[in-house]
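1. Got a predicted model here, sequence first, then my questions.
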Amino acid sequence: MDTGPTQGKKQIRVGFYDIEGTIGKGNFAVVKLARHRITKTEVAIKIIDKTQLDPTNLEKVYREVEIMKQLEHPHIVKLYQVMETKNMIYMVCEYASKGEIFDYIARYGRMGEPRARATFAQILSAVEYCHVTGVAHRDLKAENLLLDAQMNVKIADFGFSNRFAPGERLSTWCGSPPYAAPEVFRGKHYAGPEIDVWSLGVVLYVLVCGALPFDGSTLQSLRDRVLSGRFRIPYFMSTDCESLIRKMLVLEPSKRYTIPQIKRHRWMAGTADSICSVIVTRPSSSIQEPNEQILRLMHSLGIDISRTRESLRNSSYDHHAAIYFLLLER
Ligand SMILES: CC1(C)C(=O)N([C@H]2C=Cc3c(O)cccc32)c2nc(Nc3ccccc3)ncc21
């Protein structure tokens, strides 16, 4: 019994993690703030009760895990470890301590365009990386864009994401209505990236205006607004910003800007040199070429690094991998 600083209050533990609080609750999942007992790093653990899920939603959870295992980018929440029991799945993830961009804007109001540009460039590099990796997020919205302690963007919640392949069409209705593309409202089939671009257009509008471009008191009135493709441009929005948003919120998917076109737009000028654009062209990862310095540090902690190498190679996402990723973070 740990009678240390908690003065006898029972520390709840999951694996090597001490639970410290609750960050959020979903219908079949709860997200807890926790701390790794060895590295003392804060993490966010998404705890899913499998017994509450029907086979379709269970399949979606496993797909989310598989997709998150594949993604490694500075502006995407990192998955460190997966633990599974008969009834539960525990996804140990990077903790974005400053919460949702949505709440940040609700509290501090719209961002000035320079701030919005820097934030949007981070979001864009993460989404481009997903598309290059063959993944469409499909639920991009201000509520899923988190901020870490350094105010960097961390995209969360790949619950709706899916792989897309050129030529293949997806059809599931997903995402949040104010961010959903017209073709999704029309129940049309779509490839994937172009509905993320529409949502990015809505996100950029929200960052700059602090309000949604399309809204409505009923789903029907919202749908009509989206399908009209008309939205208000406030007096304070620059013409360059308006021009970019109008190229993303295009009704016809084939005429909508692609991410490379967005990056070249004059409103985005000056963000191309950010580190992330380098990573997209060469998606190297610390999984394929483990960081030898971290392995040496683990060895000095008495941790078996041959087990760690094997765990990284097999994408086991077990305790060894978690310690490696957590030490890499610092
Ligand atoms: C594991 C993971 C990725 C996750 O599933 N959530 C949940 C939980 C709350 C929530 C939300 O409010 C919006 C999106 C995702 C989520 C996380 N929340 C955080 N930070 C946070 C901090 C203060 C407020 C909200 C979120 N970091 C990592 C995650």
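-> Nice, I can see it.
2. which one is the residue in the chain positioned nearest to the ligand nearest to, not counting chain neighbours?
-> With C-beta to the nearest ligand atom, the shortest gap between the chain and the ligand falls at residue 24, namely 2.7 Å. C-beta: built from backbone N, CA, C; applies to glycine. Sequence neighbours aside, residue 31 is the residue nearest to residue 24 in space, at 4.5 Å (criterion: C-beta to C-beta, 6 or more residues apart in numbering).
3. for the one you found, which residues make a bridge with it?
-> Residue 31 has these beta-bridge partners by DSSP bridges: residue 24, residue 46.
4. what's the next secondary structure element after the worst-scoring helix or strand of the chain on mean pLDDT?
-> Ranked by mean pLDDT, DSSP states H and E, the weakest helix or strand in the chain is helix 275-281, scoring a mean of 50. For helix 275-281, the following helix or strand on the C-terminal side (DSSP states H and E) is helix 292-300.
5. to the chain's geometric centre, what's the distance from that next one?
-> 29 Å (C-alpha atoms, centre = their mean, to the nearest Å).
6. mean confidence for the following helix or strand past that helix?
-> Note on helix 292-300: by DSSP H and E, the next helix or strand toward the C-terminus is helix 305-313. Mean pLDDT, helix 305-313: 93.
7. what's the following helix or strand after helix 305-313?
-> Next element after helix 305-313 (DSSP H and E): helix 319-329.
8. Packing partners of that following helix?
-> strand 29-36, strand 79-84, helix 292-300, helix 305-313 (3 or more C-beta pairs under 8 Å, 6 or more residues apart in numbering; DSSP states H and E).
9. In a markdown table: the ones you listed, plus mean neighbour count and distance to the ligand.
-> Shown next, in a markdown table, are those (neighbours: other C-beta atoms under 10 Å; distance: least, C-beta to the nearest ligand atom, whole Å):
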| stretch | mean neighbour count | distance to the ligand |
| --- | --- | --- |
| strand 29-36 | 19 | 4 |
| strand 79-84 | 21 | 9 |
| helix 292-300 | 14 | 22 |
| helix 305-313 | 17 | 21 |
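10. what's the closest of the ones you listed to residue 233?
-> strand 29-36 (36.8 Å; C-beta to C-beta).
11. Tell me where this protein is predicted with low confidence.
-> The chain contains residues with pLDDT under 70 at 1-9, 160-162, 164-173, 273-287.
12. and it, which residues reach the ligand?
-> Selection of the chain residues close to the ligand by C-beta under 6 Å from any ligand atom yields 23-24, 31, 44, 46, 77, 93, 95-96, 99-100, 143-144, 146, 156-157.
13. Just the ones in strands from those residues, please.
-> 23, 24, 31, 44, 46, 93, 146 (DSSP state E).
14. Select, from the residues you listed, the two members most distant in space.
-> Between all members of these, the farthest pair (by C-beta to C-beta) comes out as 46 and 146, at 12.9 Å.
15. In the stretch 51-200 of the chain, mark out all the strands, start to finish.
-> Here the stretch 51-200 of the chain has its strands, by DSSP state E, counting those that start in this stretch, at 79-84, 88-94, 135-136, 145-147, 153-155, 162-163.
16. related to what we said a few turns ago, so which of the ones in strands among the residues of the chain next to the ligand would you say is closest to residue 322?
-> Nearest to residue 322 among these, with distances taken as C-beta to C-beta, is residue 93, at 10.5 Å.
17. Tell me who's in contact with that closest one.
-> 43, 44, 45, 46, 68, 77, 78, 79, 80 (C-beta atoms under 8 Å, 6 or more residues apart in numbering).
18. Measure how buried the fifth one is and give me the count.
-> Residues near residue 68, counting by other C-beta atoms under 10 Å, number 24.
19. list the contacts for it?
-> 77, 79, 91, 93, 158.
20. and if we set it to 7 Å?
-> For residue 68, the contacting residues are 79, 158, by C-beta atoms under 7 Å, 6 or more residues apart in numbering.
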